[in-house]
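> Here's a sequence, model it:
(chains A, B, C and D)
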2 protein chains.
Amino acid sequence: MRHLNYNHLQYFWTVVRKGSIAKASETLHLTPQTISGQLKLLEDSVGHALFHRVGRGLVPSEMGQVVYQYADEIFSLGAELAQRVKSGDEGVPLTLNVGLVNSIAKLISYRIVQPALELEAGLKVVCNEGRLETLLADLAIHKLDIVISDRPIPTGLNVRAFNHALGESPIAFFAQPRTAIHAAKKFPRSLHQAPMLMPVEANALRQGLDDWFDQIDVSPKIVAEFDDSALLKAFGEAGTGIFPAPAAITEEVERMYHVRCIGIADGVTESYYAISPERKIKHPAVASITEIARSKLFSA
Amino acid sequence: MRHLNYNHLQYFWTVVRKGSIAKASETLHLTPQTISGQLKLLEDSVGHALFHRVGRGLVPSEMGQVVYQYADEIFSLGAELAQRVKSGDEGVPLTLNVGLVNSIAKLISYRIVQPALELEAGLKVVCNEGRLETLLADLAIHKLDIVISDRPIPTGLNVRAFNHALGESPIAFFAQPRTAIHAAKKFPRSLHQAPMLMPVEANALRQGLDDWFDQIDVSPKIVAEFDDSALLKAFGEAGTGIFPAPAAITEEVERMYHVRCIGIADGVTESYYAISPERKIKHPAVASITEIARSKLFSA
DNA sequence: GATGATTGTTCGGTTTAATCGAGGTCAAGT
DNA sequence: ACTTGACCTCGATTAAACCGAACAATCATC
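Modelled structure (predicted):
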């Protein structure tokens, strides 16, 4: 590869984020055939296939996922720069910098963060998605005030920070309506050998699900693994397979992704944590986030 | 600004790194007039001047320095991605990931790191430059094994890490031969009102120099401040002003930048630290780096 | 001070690369 | 079978990046 073309990379990034060339073409104000062509050029330059063309959709290849991780960081920085430049270096208002682990459903993230917007008038919330390690690194140098995660701080990291449990939600399975109707009968045995979309192995939820499958002696066929839960659901919508999501947001998931709930993985839950630099939470907005999450969010 | 153009940004980044459009044009395999034009487009898009045109050279404006910081992170990631992609995800050999704060001279950095290359056969050293805060964040999540800095860990950062003093070097002043001959007479009084290039205020060395100037009652005219010491020296070579550098590398600085030593700032020194995640250093390469630095490097 | 080398800039015309429109293929739903 | 919605291929078109030539400013040197 001679030169990394950042235009190509940006198209690639958008396509993965949006889940398809067609959707990406809208946000980029380009025609699909242009993006398709440019993607091919990127693949040539990289020397590896970035996508597996499956059915009428695209699934990022292993290499594609690696590239996506980098692209994500790169264009987050680019967006930050654009913001900084546009605002003309004006004084920052009261800002809450939140880090959100991208393996959590965006809807859950939204529900957790949303109270901060309501309670504090004039508060500006800056959301920052990424892998937990990256976010904790930013927390350590005070680029973030709080990190919302689905697992506590990993051991072995030299970051001084503290966990605050927010609550947990049971896990349900979803699929396209037609598939869901079939699978709902004889659940959970119907999941045996069924095409399944799963979080990557490192994910906490993945561990829980693997154990559960073991326990009930059911082996689904894992057709794809995802780092980002929004991406996972996008593939679920496309019909690539059955996918898990928190039962707490069943309604929204069904509406947004045109899928139906199949059933609940009994005993498997996803937990949520707020991670802050101090044991005692000081930032008022952070305090209200954790308090409301604990009292209301997962009480159902 | 509608869209951040990463081509333009890359040209800008290269120009700042190399110190001039002319030098950048060589490494980019483009003609100067192209780069000049593209830079202007970037400035239009950003809405602020990125350079002050001074003499026949370019000096990054305040906004330019901000943009440069971001560009640096962005293209470091890009380079990392290109590397990762090219190597085809091969297994990593024994690797030492070193972080170098960009305010210390590259030559000093080289001398400190170099022993690791000699002692361990087949060791691959990956160098990573940046601001101390960023590097410490990477150290916390084990992306780096060691950070070489000119100051100890700042208080208030939630990173668990430990300082290991390596030694110190006196500070000397340098300038173009013609200027140096004049200034060497009646040094240090000759520095009064002389054009001076300095590190930014946050820098440890800057503090020491400011104190020293105060003490001997000399006020140089600070014409530019730098975050990156290589950049500072590049401007010094261009003749923008007199600049400070460690006396330990006087010979190399004179040869590389075509300048002469004026004199030594009596009592002002720059200190060097290795920062590691553990109090007791485990990594063998890290151990040899610190040991050799302590015993040989600054014994003169 | 004149001189030559070096640097950045401005102005056209040229070349490269991105983009689109039209016409496919293939898979899934009705 | 037929429609729909996805992606792909192939030319023509258009936008941009790029260069050559000529110029202005600066700085070291004579």
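> Now chain A against chain B: closest residue?
Chain B sits closest to A:Tyr6 of chain A, with a gap of 3.4 Å, by C-beta to the nearest C-beta. To be clear about C-beta, it is placed using only N, CA and C from the backbone, and glycine gets the same treatment.
> so how far is B:Glu43 from the nearest residue to that residue once chain neighbours are set aside?
Excluding the flanking residues, the one nearest A:Tyr6 by C-beta to C-beta, 6 or more residues apart in numbering or on different chains is B:Tyr6, at 3.4 Å. Distance, B:Tyr6 to B:Glu43, using C-beta to C-beta, to the nearest Å: 16 Å.
> Of the two, give the one with the bigger neighbour count.
Neighbours were counted for B:Tyr6 and for B:Glu43 using other C-beta atoms under 10 Å in any protein chain shown; B:Tyr6 has more, 22 against 18.
> before we move on, back to that, you'd agree the residue nearest to A:Tyr6 is up against A:Gly78?
Yes. The criterion here is C-beta atoms under 8 Å, and B:Tyr6 meets it with A:Gly78 at 7.2 Å.
> Pull up the overlap in contacts between these two.
B:Ile74 (C-beta atoms under 8 Å, 6 or more residues apart in numbering or on different chains).
> what about the residue of the stretch 201-300 of chain A found nearest DNA strand D, neighbour count?
Relative to DNA strand D, the nearest point of the stretch 201-300 of chain A is A:Ala238 (8.3 Å; C-beta to the nearest atom of the strand). A:Ala238 is flanked by 19 other residues according to other C-beta under 10 Å.
> now A:Glu62
Per other C-beta under 10 Å, the neighbour tally for A:Glu62 reads 13.
> what do you get for A:Ile108?
25.
> so A:Met196 is in which element?
strand A:195-199 (DSSP states H and E).
> Next SSE downstream of that strand?
With DSSP H and E, the next secondary element past strand A:195-199 is helix A:204-215.
> elements contacting that following helix?
Judged by 3 or more C-beta pairs under 8 Å, 6 or more residues apart in numbering or on different chains; DSSP states H and E, helix A:204-215 is in contact with strand A:162-175, strand A:195-199, strand A:260-276.
> Which residues of the stretch 151-300 of chain A lie near DNA strand C?
Within the stretch 151-300 of chain A, the positions near DNA strand C by C-beta under 7 Å from any atom of the strand are A:Gln176, A:Arg178, A:Gly239.
> Local confidence estimate at the first one?
It stands for A:Gln176. pLDDT, A:Gln176: 84.
> Excluding chain neighbours, give the residue nearest to it in space.
Excluding the flanking residues, the one nearest A:Gln176 by C-beta to C-beta, 6+ apart is A:Gly239, at 4.8 Å.
> So that neighbour is in contact with A:Phe174, correct?
No. Between A:Gly239 and A:Phe174 there is no contact under C-beta under 8 Å: 11.5 Å.
> The helix or strand containing A:Asn128 pairs with which strands, and in what direction?
Taking DSSP H and E as the definition, one finds A:Asn128 inside strand A:124-130. According to DSSP bridges, strand A:124-130 has the following sheet partners: strand A:95-101 (parallel).
> list the buried ones in the next helix-or-strand element following the strand it pairs with?
For strand A:95-101, the succeeding helix or strand toward the C-terminus, using DSSP H and E, is helix A:106-119. By neighbour count on 16 or more other C-beta atoms under 10 Å in any protein chain shown, the buried set for helix A:106-119 is A:Lys106, A:Leu107, A:Ile108, A:Ser109, A:Arg111, A:Ile112, A:Val113, A:Pro115, A:Ala116.
> Could I get the CA-only coordinates of helix A:106-119 as CSV?
Provided in CSV are the C-alpha atoms of helix A:106-119 (Å, rounded to 0.1, in the frame of the first residue of the first chain):
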residue,chain,number,x,y,z
LYS,A,106,-27.1,3.0,22.5
LEU,A,107,-30.6,3.1,23.9
ILE,A,108,-29.4,2.0,27.3
SER,A,109,-26.6,4.6,27.1
TYR,A,110,-29.1,7.2,26.2
ARG,A,111,-31.4,6.4,29.2
ILE,A,112,-28.5,6.5,31.6
VAL,A,113,-27.1,9.8,30.3
GLN,A,114,-30.4,11.6,29.6
PRO,A,115,-31.2,12.6,33.2
ALA,A,116,-28.1,14.8,33.3
LEU,A,117,-29.4,16.8,30.4
GLU,A,118,-32.7,17.4,32.2
LEU,A,119,-31.5,18.2,35.6
